[in-house]
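Chemist: Give me coordinates for this.
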Amino acid sequence: MTGFRLKAGVRVKKDCLLDSVVNKYPEDDEIINRLDDFTFRNFCVEEALECLASGVKSVAHAAAEIGVSQRTLQRLLLRETNRSPVYWFMLARVRKAARS
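Modeler: Numbers count the residues shown, from 1 in each chain. Got it, this is the predicted structure:
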């Protein structure tokens, strides 16, 4: 069994991907190529996560920087990633501390 790590916010068209490999045993390289065909990124989520990881002082500052309210940012990330902005903000801080 092989696992593939995707960026946060990436959606997989699971049924379409599974249909394309039913009764086949593709190599890892072929699966990686297929992932491009069966995944899509939400650029709003990507922008929000990059902003939260950019070293802003708080979630409120991140929301202001991308031009949305805190509540809109919260709804977007909860809907698309099942995690709150605070989770992503704290994760970015922990990763930055670990790198230091």
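
Chemist: Now the host helix or strand of residue 92: buried residues?
Modeler: For residue 92, the host element (DSSP states H and E) is helix 85-99. The neighbour-count check on helix 85-99 (16 or more other C-beta atoms under 10 Å) flags 85, 88, 89, 92 as buried. Placement of C-beta: from N, CA and C, glycine included.

Chemist: which stretches of the protein aren't confidently modelled?
Modeler: Scanning the chain for pLDDT under 70 picks out the ranges 1-2.

Chemist: if we can go back for a sec, now distance to residue 61 too, for the buried residues of helix 85-99, in TSV please.
Modeler: Below are the buried residues of helix 85-99 laid out as TSV (distance: C-beta to C-beta, whole Å):
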residue	distance to residue 61
85	11
88	14
89	10
92	13
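
Chemist: roughly how far out does stretch 77-84 sit from the chain middle?
Modeler: Its chain's C-alpha centre lies 9 Å from the corresponding centre of stretch 77-84 when counted by C-alpha atoms, centre = their mean, to the nearest Å.

Chemist: Show me how this structure divides into domains.
Modeler: 10-41, 43-99 (automatic domain parsing).

Chemist: who's sitting farthest from the centroid in the protein?
Modeler: residue 23 (29.7 Å; C-alpha atoms, centre = their mean).

Chemist: hang on, that one in a strand?
Modeler: No. Under DSSP: H, G, I helix; E, B strand; the rest coil, residue 23 sits outside any strand and is assigned coil.

Chemist: what separates it from residue 64, distance-wise?
Modeler: Going from residue 23 to residue 64 by C-beta to C-beta, to the nearest Å gives 52 Å.

Chemist: Equivalent analysis for residue 31, please.
Modeler: 40 Å.

Chemist: ok, which stretches of the chain are strands?
Modeler: Ranges of strands in the chain, per DSSP state E, are 10-12, 39-41.

Chemist: Great, nothing more from me.
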